[in-house]
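In: Okay, structure incoming, though there's no sequence with it:
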């Protein structure tokens, strides 16, 4: 059993499945802790110096409660082996109650008191929810909806990521926080914003002008843009940059793709403004992360995560119960963004409040989900939230402490998890997931297919999961990565629906095949170029030579029939004159 590199997943895998701690601990005691490759000689950035390799944390909002209550909360956290709090990410009005007047003293006391109970702090920049004085004095900082109306104050994600004024205020608060906490020994890192405003954009004229300038920088000439978009279709050709709109549903596929690319650029730039402000004052030991949302595709995550120390994500079931295949796929997708261990910085301790049916998770389900995350490369499990707020939009969301300040039943389950993490941390220190099989995943391809599905039965998540479920059963671990990621380590790479592909990416994949790799292409693969234009070649376009075949015709399938072959028998949908025969 190779314990150092996670071909190992007997522990990582079984710990997610076994509820019998004795067996789990036996696996650890009989495993080798050797590290077998150069990369694993450097600890993952997700495992913090001076801390256990595995951490349980919570989102704590001391600004919502009397200071006299803080000590009791932290005692309960310490008793549950909770070792970290994420703090301040919605506290802008408490830190800057009026413009340019900063009050950090209360946060100083909260962080110091947490440290007294052996709890470290992750500080969040509060830019997901600007204070009222800012949005009322500077209304241009608020997003404009598609209908032309400005968003009202009182929610979250209402600041405009393209507003120069809003970005300046975001830079200033991040800068002041970093100057104050960048050398605090009890602050270990930073979270940028919170869920990146769900990637919502502003549809004001200033944003449109930024989009046009961005297109000009990319395409250089209007003629070049028109050519890539086949703008002669329906007389869509543009004479100058100022004519180009912000697209709405049903627009030119090239225009729609570039708008999504611009969204990625805008949020990456918004993030970088805060990263630069923090790095100018913070010690290098303090990490910077952001909390992403699994299958969410509001922007291209591969680009926006590059400047972060590591990826964190928010793992919620919502309505229903734990689906190990889907949840495992999401962990591997998030790990694949930087091909490195990750944090689950938010997860539900019982129920959520934002689905049609907000059921609670079953007893043991919270613990099982946590161990599955560890099996897939997580080193931190953070629960949202510590205590139910008495008012606000998430009153009924699950917590570890009820509104009366007393632990709710799931508190004991999280405490058990905390004890197990303490016992197993040494065994998992320095370990990473190492896979020989990968699935290729592309945000531009996802966008392009969803805009033109050709059949409403085409569910990209279900298709990716169908590949994942089968392959995961036959290998210890599986990576979900960008098609431009290094591929040499993989014996098998599958591309379920790599719809958009550039010549450079095709060359990269072809070289992998020519060097002995095995590439599996799904039915929608290699139909378009990186500008969302159909390739002037039969499918699979640039990959036809490597495949040694091409597609003569494709169909939208409308009813079931049986497909047979050397790999077995499956039910599929078929169109037109389906062969109604049976497999021999």
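Out: Perfect, thanks for sending it. Note that the coordinates shown come from a computational prediction; the quantities given were computed from them, not determined experimentally. Numbers count the residues shown, from 1 in each chain.

In: all helices for the stretch 151-300 of the chain, in order.
Out: Applying DSSP state H, counting those that start in this stretch to the stretch 151-300 of the chain gives helices spanning 164-181, 205-219, 222-228, 253-279.

In: Give me the phi and psi angles of residue 160.
Out: Backbone torsions for residue 160, taken as degrees, to the nearest 10, come to phi -90, psi 120.

In: Stretch 351-359: which residues count as buried?
Out: By neighbour count on 16 or more other C-beta atoms under 10 Å, the buried set for stretch 351-359 is 351, 352, 358. For the C-beta atoms, the positions are set from N, CA and C on the backbone; glycine is no exception.

In: Would you pull up how far that stretch lies from the middle of the chain?
Out: Distance of stretch 351-359 from its chain centroid, counting by C-alpha atoms, centre = their mean, to the nearest Å, is 21 Å.

In: ok, now stretch 314-332?
Out: So, by C-alpha atoms, centre = their mean, the centroid of stretch 314-332 is 13 Å from its chain's centroid.

In: For that stretch, buried residues please.
Out: 314, 315, 317, 326, 327, 328, 329, 330, 331, 332.

In: related to what we said a few turns ago, which of the buried residues of stretch 351-359 lies closest to residue 408?
Out: residue 351 (10.6 Å; C-beta to C-beta).

In: residues in contact with that closest one?
Out: 358, 359, 360, 361, 396, 397, 398 (C-beta atoms under 8 Å, 6 or more residues apart in numbering).

In: Now do the first one against residue 281, distance only.
Out: Right, residue 358. 41 Å (C-beta to C-beta, to the nearest Å).

In: Now compare the contacts of residue 351 and name the two farthest from each other.
Out: Greatest spacing in the contacts of residue 351, by C-beta to C-beta: 361 and 396 (14.8 Å).

In: Save the helices of the stretch 151-300 of the chain as TSV, and put in mean neighbour count too.
Out: Output for these, formatted as TSV (neighbours: other C-beta atoms under 10 Å):
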stretch	mean neighbour count
helix 164-181	20
helix 205-219	16
helix 222-228	16
helix 253-279	20
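
In: got those helices as TSV, with distance to residue 495 columns?
Out: Below are the helices of the stretch 151-300 of the chain laid out as TSV (distance: least, C-beta to C-beta, whole Å):
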stretch	distance to residue 495
helix 164-181	37
helix 205-219	26
helix 222-228	23
helix 253-279	19
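
In: Adding mean pLDDT and distance to residue 156 as columns, could you present those helices in TSV?
Out: Conversion of the helices of the stretch 151-300 of the chain to TSV gives the following (pLDDT from 0 to 100; distance: least, C-beta to C-beta, whole Å):
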stretch	mean pLDDT	distance to residue 156
helix 164-181	98	14
helix 205-219	98	20
helix 222-228	98	36
helix 253-279	98	15
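
In: Figure out which of those is closest to residue 464.
Out: Going by C-beta to C-beta, the one of those nearest residue 464 is helix 253-279, 19.0 Å.

In: That closest one versus helix 164-181: what angle between them?
Out: Angle, helix 253-279 to helix 164-181, by axes from the mean of the first three to the mean of the last three C-alpha atoms, to 10 degrees: 30 degrees.

In: packing partners for helix 253-279?
Out: helix 164-181, strand 187-192, helix 205-219, strand 287-292, helix 301-304, helix 443-451 (3 or more C-beta pairs under 8 Å, 6 or more residues apart in numbering; DSSP states H and E).

In: let's see 6 Å
Out: If you count contacts as 3 or more C-beta pairs under 6 Å, 6 or more residues apart in numbering; DSSP states H and E, helix 253-279 packs onto helix 164-181, strand 187-192, helix 301-304.

In: so residue 521 touches residue 494, yeah?
Out: No. Using C-beta atoms under 6 Å, residue 521 is not in contact with residue 494, being 8.1 Å away.

In: Which of the contacts of residue 351 are buried? Put it as a PyMOL command.
Out: Here is the PyMOL command that selects the buried residues among the contacts of residue 351 (16+ other C-beta under 10 Å):
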select buried, resi 358+360+361+397+398
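
In: And the contacts of stretch 310-321?
Out: The contact list for stretch 310-321, computed with C-beta atoms under 6 Å, 6 or more residues apart in numbering, reads 45-46, 289, 291-293, 305, 334, 337-338, 340, 342-348, 352, 355, 357.

In: contacting residues for residue 89?
Out: 124, 126, 194.

In: Among the residues you listed, which are located in strands?
Out: Using DSSP state E, the members of those that fall in strands are residue 124.

In: And the contacts of residue 89, which is closest to residue 229?
Out: Nearest member of those to residue 229, counting by C-beta to C-beta, is residue 194, at 35.3 Å.

In: mind checking pLDDT for the closest one?
Out: pLDDT, residue 194: 97.

In: The one 3 residues further on too?
Out: Per-residue confidence at residue 197 stands at 91 (pLDDT).

In: Domain map for the chain?
Out: 10-219+232-428, 437-537 (automatic domain parsing).

In: In TSV, list those domains along with distance to residue 555.
Out: As requested, the domains of the chain are arranged in TSV below (distance: least, C-beta to C-beta, whole Å):
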stretch	distance to residue 555
domain 10-219+232-428	21
domain 437-537	9
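
In: pLDDT-wise, which helix or strand of the chain ranks last?
Out: Taking mean pLDDT, DSSP states H and E as the measure, the chain has helix 21-29 as its least confident helix or strand, at a mean of 29.

In: Next secondary structure element downstream of that one?
Out: Using DSSP states H and E, the helix or strand that directly follows helix 21-29 along the chain is strand 55-59.

In: I'd like to know which of the contacts of stretch 310-321 are buried.
Out: Applying 16+ other C-beta under 10 Å to the contacts of stretch 310-321 flags 45-46, 289, 291-293, 305, 334, 337-338, 340, 342-348, 352 as buried.

In: circling back to that earlier point, wait, which of the buried residues of stretch 314-332 is closest to residue 164?
Out: residue 314 (28.9 Å).

In: Contacts for stretch 502-519, please.
Out: Stretch 502-519 has contacts (C-beta under 6 Å, 6+ apart) with 483, 484, 487, 492, 493, 530, 542, 543, 546.

In: List only buried entries from those residues.
Out: If we count by 16+ other C-beta under 10 Å, the contacts of stretch 502-519 have these buried: 483, 487, 492, 493, 542, 543, 546.

In: No more questions from me, cheers.
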